[in-house]
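>>> Give me a 3D structure for the following:
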Amino acid sequence: MADITPDTELERPESAAAKQSPESAREAAPPDPQSLRIIELLFFAYRDFTADADAILAELGFGRAHHRALHFICRHPGIRVANLLEILKITKQSLARVLKDLRDRGFITQMRGETDRRERLLYPRQDGQTLIARLAGRQSERINAALRASGADAPETVAEFLFTMIRAEEREDIARLIATGDGLDPNGEEGQ
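Model prediction:
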């Protein structure tokens, strides 16, 4: 029988770890118990938070991408497709499919820009606004119940925690996006 042992010694896990750069070793280090607990809680909280909306979306044959797109279209009527792509961080192809579904089913409408005819501006229709109100209502009930159970300081603490989890270089833009009455529209222009 032929010898199947290679001429070189097999690389042992210890030797592979020794070759890692200090930065990659730090990234591979297991999280501390408190961080691990928070990671797991985020998984379970997200699972239940999205399940509330998923059940409603499934009735319509929609998914989470439809929900996210429709949410921002309703919050920022007239948002440019290009800005929505930047917010959602999905491919043009994925967004095109979602927008087609929403348009074909009467949840949104798309118009050309008045000054730049190449722009595609998205507006919610009444069915879209009704659906988002229903989805946000369910999710708000869960959030408000959790905040009440967590104490008086919870809304500000939770909001700050979530905000600081956002990449630092995006925080200013996202703060502007989610703020209301700040005089900026989601397209980054003055006045609304």
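
>>> What segments of this protein are strands?
79-80, 108-112, 120-124 (DSSP state E).

>>> Listing partners with orientation, what would you give for the shortest one?
Think strand 79-80. According to DSSP bridges, strand 79-80 forms sheet pairs with strand 120-124 (antiparallel).

>>> With distance to residue 130 added, can I get the strands of the chain in a markdown table?
Bear in mind the C-beta positions are built from the backbone N, C-alpha and C, glycine included. Listed next are the strands of the chain as a markdown table, based on distance: least, CB to CB, whole Å:
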| stretch | distance to residue 130 |
| --- | --- |
| strand 79-80 | 19 |
| strand 108-112 | 12 |
| strand 120-124 | 9 |
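
>>> Mean pLDDT added to the ones you listed, as a markdown table?
Output for the strands of the chain, formatted as a markdown table (pLDDT from 0 to 100):
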| stretch | mean pLDDT |
| --- | --- |
| strand 79-80 | 95 |
| strand 108-112 | 95 |
| strand 120-124 | 96 |
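
>>> so which of those strands comes closest to residue 101?
Distance to residue 101, taken as CB to CB, is lowest for strand 108-112 among the strands of the chain, at 9.6 Å.

>>> Show me which positions of that closest one end up buried.
For strand 108-112, burial by neighbour count (16 or more other CB atoms under 10 Å) applies to residue 108.

>>> neighbouring strands for it, and are they parallel or not?
For strand 108-112, pairing defined by DSSP bridges yields strand 120-124 (antiparallel).

>>> Please enumerate residues in contact with the strand it pairs with?
The contact list for strand 120-124, computed with CB atoms under 8 Å, 6 or more residues apart in numbering, reads 70, 73-74, 77-81, 84, 99, 107-113, 132.

>>> worst-scoring helix or strand of the chain, pLDDT-wise?
Every helix and strand of the chain was ranked by mean pLDDT, DSSP states H and E. The lowest is helix 13-19, at a mean of 53.
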